[in-house]
Every structure is written in structure tokens, then in C-alpha cells.
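> Need the 3D shape of this:
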Amino acid sequence: MTDRNRSAFTQGLSKSVSRRTLLGAMMTAGVAGVAACSGVSGTSGSPGQAGSGSSTSQFNFSTYGDFRFYQDGFARMQEVAPEFKDVKFVNQQATGADTLAAKLLSSHVAKAYASMPDVCELQWSDIPRLSAAGILTDLTDRFAPYKDKVSQAALDAVSVNGRIMACPWRPNTTLVWYRDDVWKEAGVDGESIKLWDDFLEAGRQIRAHNYADGKPRYIIGNAPNPSFREYLYTQQGGTLFDPSSHKLTAFADDPRFRDAFALQVEMAKKDGIGVQIEENTPSWYKALDEGTLSCLVNASWTDQQLQQNAPKSAGKWRVVQLPAFKSGDTGQALQGAASVGAIEKPTSNHDLNWAFMQHSFYNADITPALYSKWHLNPCFQDAAVKVDYYKESDYYGGQNVGKLDAETQKVAHSPVGSPDYAVLMNTINAELGAAIEGKKSVDDAIKSAYSTAQSKSIGG
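Have a look, this model is predicted:
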């Protein structure tokens, strides 16, 4: 990505949009709402159905992020789809992914269709339960021409039982973002870290090094309230829910899950390689910019976070793929995909809804300019190679992060959602905290998490 024009944009943006909700970054936070049985019951939304046509005067969109990116896409769509030139874009701002999902479910049950948006941003883990409730339009047929231009991992994140139930617009590719200067001073070569054991050893080496300013450095940040880093399991091909039935898998008996769980416990040990710090706070960004916190293992939205909030360390950051658990393993991970869904209701204008998604996110002429303006990376591969994210960046010492992202997606897995996803994550997080505090062994904590999940009929 080139750094040209970035500062002017982010200076204006930072005053009106919180860091965590920047452009709707799809974090894998817990979600509250009404559970529904798994399955797909949305309609196909093909031309000629009720609500299709160009008579709509208003397009209601809902997001828990920055609506201006979507509004910009809508305006660009209108330039090439004159039949919708007089339609007004109306933002129905949501306070969070959980409240938006809950509103969709309650409004659908009450048949309060007027309060529901036409299209909205979706958290990938909510897609199964919203699909099961019949709230989402099935986009499989509409999306067919673009299916081969999107990574399988991104498609998996928005699919339910083989049907594409939302439109993926950004792959949440998990990468390792690190301070090359901090690591090199301690004698650590980021490119040489191939295994998670190498990562742990690098963390010990960084922690033990006496830096010139006398300040300690850490390789990983740990939130005060532990949250399971599911990508550690995902990269190994493991899933908490079965991709077809969305029932709970026997993760407690899976050595891959144990490896992922145990690694996170090791990372969070007191007086170990990590530092306890709350993410997306001023102190967190300061630690990144100063190098006290020398690494982030997170999705591709990290690019925006760093360039907006850690400007002094420009040129010192580098990016590599996730280390493997075992030599020879090549699996990587997506933390789902940022996506939007078309809402199924009696007044749905399927043609308008799809025109917005198609031209914003899957138009080889429009999408590159839209994404470059907002410093984003598209799922659409024909557009991805044209955006700034896929250019050599001074911020990363001339590295082309977009190219690495694209290569990573080819071997990446994606997590599987479920109506019970949030409840399960809360259960695992509680046991992870107990293991980190030394109240339970890793094995006992895992057994307890699974036993509790079964008792709550999670994924049942």
C-alpha cells in the first residue's frame, strides 16, 4: 500500500470514528441474541420476485462501523446503474454487532419489517442463526460469476450448508505484524520464525534483552479478560462446530485444540513473554508505537490500526505468516470475513440490494478505487491486485503486505459459526482464564469447557 493521502484521511476519520469500529472491523467478539436451529431458509432473491424492480425511493443500510465507506460504494453504484440514481441512501447506525443481530431477530419475529434495513453489515458468526431464521437472502445464484475469484476460506465464512448467505467484502486474514527494529536489537530474525516454539523462544529472548533505553519489550499483548485465540485452532484445520450440521465437535479430544489452548496459556504466563494490556486503548497504541509491545497477531484490519495510530514507527514494521505447530504444516487462518447481507422482507428490492453489493465489492472498475480510498483489501481477487494494499509500502519497509495476504488466503482455513457460537466462546474463555491463573490444568480446563458446553446443549 502506498502511504500517499493516508494521513489526511485518517486525521479526519479519527475524530468521528472509534478505533475499534473503524470501518466495521469484524472482531470475533461474543454476540448476544436469540438462538435458532441450524439450516437455511432464505430465498434466492432472483429477478422478478416480489420487491424487485426500480420503484424503491430509499435504501436503508445498517452498520456498527463507519457507514461512509458503504455510502461511497452506493454512490459509485448509482453512477453505473442509472435505474437507481434517485434512490436515497439512509444509514441506520447500530451500536454493535450484538445489538444489530438481536434487532434483526426480534423485528423479524414481530414482522416489524419497516424497522429492518435492506442490507446490513454482518458478523460472520451470526450468519448461521440469521439464515436459519429466514432473515437473509440466499445470494448463491447472484454470486456465481464471482465464486472463483474469492478464496475458499472467505466463501466458507459466509456459507451455510453450501449456500452463500452473505456477500464477503474483506478477508480477515490473520498475520503476524512485528517491529523489526525491536526484534533485531535482541538478535531475533522475524523471517526465521517458522514454528510457534520459535515464537515462544523469540519472546523469551526479547524479554531478557537489555534495551538501550532500559525499558522491557514484549512479544505479545494479553487482554485482562482472556479471549480464546481461535485462529490457533483454525490454522490447523480444526473447527468448534461441524461445517454441515453446525453441531458441537468433540474438540476436547482433539490434540490440535489442546495445542492451541496450551500455547495461549503459555503466552499469558505471569512474568513471561507477554504483557497484560487492553487492546484498542491509547496506552495500547502507545506501546505499539514505542515498541514496548513489539508484535500483534491479528487480522488484516491491523494495517489500518497501525498506520492510523502508530505513525512514529513507520518503516519499522514487517509482516509474516502464522508460525506452524509442527514442521511441514502449512495451514493459515482467516478470522472469518467482513460481510454484508441482504435482508429478506416483503418489500425487498433484490435487484437494488445486489446492485449495491456487486458494484461496490465486485466491480473490477469501481472496487479498486473505492478500496484504495478507504485503505481496505477486497475479497474480489481481480480488484485486489489493483488496490494500494497490494503495493510496496514504506510503512513496512517496502514490503508488499497485500501479496503476502493473497498467498496466505490460498492455504487458509476459516472458522465455522453457529447459533450458539457466542455462548461457547464465553464458556471456553472462562476456562482459559482459570488455566492462566493456575486454578486448573490445561487438560482439566479443556474437559470442563466441553462438559459445560454439553450441559448447556450448545450446538445440540
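> Contacts only, for the nearest residue to Asp254 once chain neighbours are set aside.
Leaving aside its sequence neighbours, Asp254 sits nearest to Gly238 (CB to CB, 6 or more residues apart in numbering; 5.9 Å). For every residue, glycine as well, the C-beta is placed using N, CA and C. With contact set as CB atoms under 8 Å, 6 or more residues apart in numbering, Gly238 has these partners: Thr249, Phe251, Asp254, Arg256, Phe257, Ala260.
> can you do 6 Å?
Gly238 makes contact with Asp254, Arg256, Phe257, according to CB atoms under 6 Å, 6 or more residues apart in numbering.
> Check Thr408 too.
Applying CB under 6 Å, 6+ apart, the residues near Thr408 are Thr173, Gln321, Gln332.
> mind running it again at 8 Å?
By CB under 8 Å, 6+ apart, the contact set of Thr408 is Thr173, Thr174, Leu175, Gln321, Gln332.
> can you give me phi and psi for the first one?
Recorded main-chain torsions at Thr173 are phi -70, psi 120, according to degrees, to the nearest 10.
> residues contacting it?
By CB under 8 Å, 6+ apart, the residues touching Thr173 are Ala299, Ser300, Gln332, Leu334, Asp405, Thr408, Gln409, Ala412.
> How about the last one?
Residues counted as contacts of Gln332 (CB under 8 Å, 6+ apart) are Thr173, Thr174, Gln235, Gln321, Leu322, Thr408, Gln409, Val411, Ala412, His413.
> ok, and the closest non-adjacent residue to it?
Nearest residue to Gln332, sequence neighbours excluded (CB to CB, 6+ apart): Ala412, at 4.2 Å.
> Would you check that the one you found makes contact with Gly331?
Yes. Using CB atoms under 8 Å, Ala412 is in contact with Gly331, at 7.4 Å.
> If you count surrounding residues, which of the two has more?
Neighbour count, other CB atoms under 10 Å: between Ala412 and Gly331, Ala412 has more, with 28 against 16.
> what distance separates stretch 173-191 from the centre of its chain?
Stretch 173-191 has its C-alpha centroid displaced from the chain centroid by 22 Å (CA atoms, centre = their mean, to the nearest Å).
> Could you dump the contacts of Gly238 into a markdown table and include secondary structure, pLDDT and distance to Glu431?
Listed next are the contacts of Gly238 as a markdown table, based on DSSP: H, G, I helix; E, B strand; the rest coil; pLDDT from 0 to 100; distance: CB to CB, whole Å:
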| residue | secondary structure | pLDDT | distance to Glu431 |
| --- | --- | --- | --- |
| Asp254 | coil | 98 | 15 |
| Arg256 | helix | 98 | 17 |
| Phe257 | helix | 98 | 12 |
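> Show me which of these is closest to Trp284.
Phe257 (28.1 Å; CB to CB).
> Of the contacts of Gln332, which is the most crowded?
Neighbour counts for these, by other CB under 10 Å, peak at Thr173, which reaches 31 neighbours.
> quick one: it from Thr63, how far?
Taking CB to CB, to the nearest Å as the measure, Thr173 and Thr63 are separated by 21 Å.
> What is the least confident helix or strand in this structure?
helix 6-14 (a mean of 30; mean pLDDT, DSSP states H and E).
> Helix or strand next in line after that helix, which one?
Once the chain leaves helix 6-14, the next helix or strand it forms, by DSSP states H and E, is strand 58-62.
> just checking, what packs against that following strand?
Contacts defined by 3 or more CB pairs under 8 Å, 6 or more residues apart in numbering; DSSP states H and E place strand 58-62 against helix 67-80, strand 88-91, strand 119-122.
> Any chance of TSV for those, columns distance to Tyr362 and mean pLDDT?
Shown next, in TSV, are the helices and strands packed on strand 58-62 (distance: least, CB to CB, whole Å; pLDDT from 0 to 100):
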stretch	distance to Tyr362	mean pLDDT
helix 67-80	11	98
strand 88-91	19	98
strand 119-122	14	97
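> which of the ones you listed is buried the deepest?
Mean neighbour count (mean count of other CB atoms under 10 Å) peaks for strand 119-122 among the helices and strands packed on strand 58-62, with a mean of 26.
> Quick one: low-confidence residue ranges for the protein.
1-55 (pLDDT under 70).
> one more time with 90, if that's ok
By pLDDT under 90, the low-scoring segments of the chain are 1-56, 244-246, 270-271, 304, 375, 419, 459-460.
> gap between the longest strand seen in it and the chain center?
When the chain is parsed with DSSP state E, its longest strand is strand 332-342. How far strand 332-342 lies from its chain's middle: 6 Å, per CA atoms, centre = their mean.
> Moving C-terminal from it, which element do we reach first?
helix 350-361.
> what helices or strands is that next one leaning on?
The helices and strands touching helix 350-361, judged by 3+ CB pairs under 8 Å, 6+ apart, are helix 67-80, strand 119-122, strand 167-173, strand 332-342, helix 367-373.
> got the ones you listed as CSV, with distance to Phe199 columns?
Formatted as CSV, the helices and strands packed on helix 350-361 follow (distance: least, CB to CB, whole Å):
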stretch, distance to Phe199
helix 67-80, 34
strand 119-122, 32
strand 167-173, 18
strand 332-342, 15
helix 367-373, 31
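> Torsion angles phi and psi at Ser159?
phi -110, psi 150.
> give me the number of residues near the closest residue to it other than its chain neighbours?
Computed as CB to CB, 6+ apart, the closest residue to Ser159 that is not its neighbour in sequence is Met165, at 6.7 Å. Using other CB under 10 Å, Met165 has 25 other residues around it.
> residues contacting Ser151?
Ser151 touches Pro171, Leu334, Cys379, Gln381, Gln409, Lys410, Ala412, counting by CB under 8 Å, 6+ apart.
> Ser57 contacts Lys85, doesn't it?
No. At 11.5 Å, Ser57 does not count as touching Lys85 under the criterion of CB under 8 Å.
> Surely Ala223 and Val275 touch.
No. Using CB under 8 Å, Ala223 makes no contact with Val275, being 10.8 Å away.
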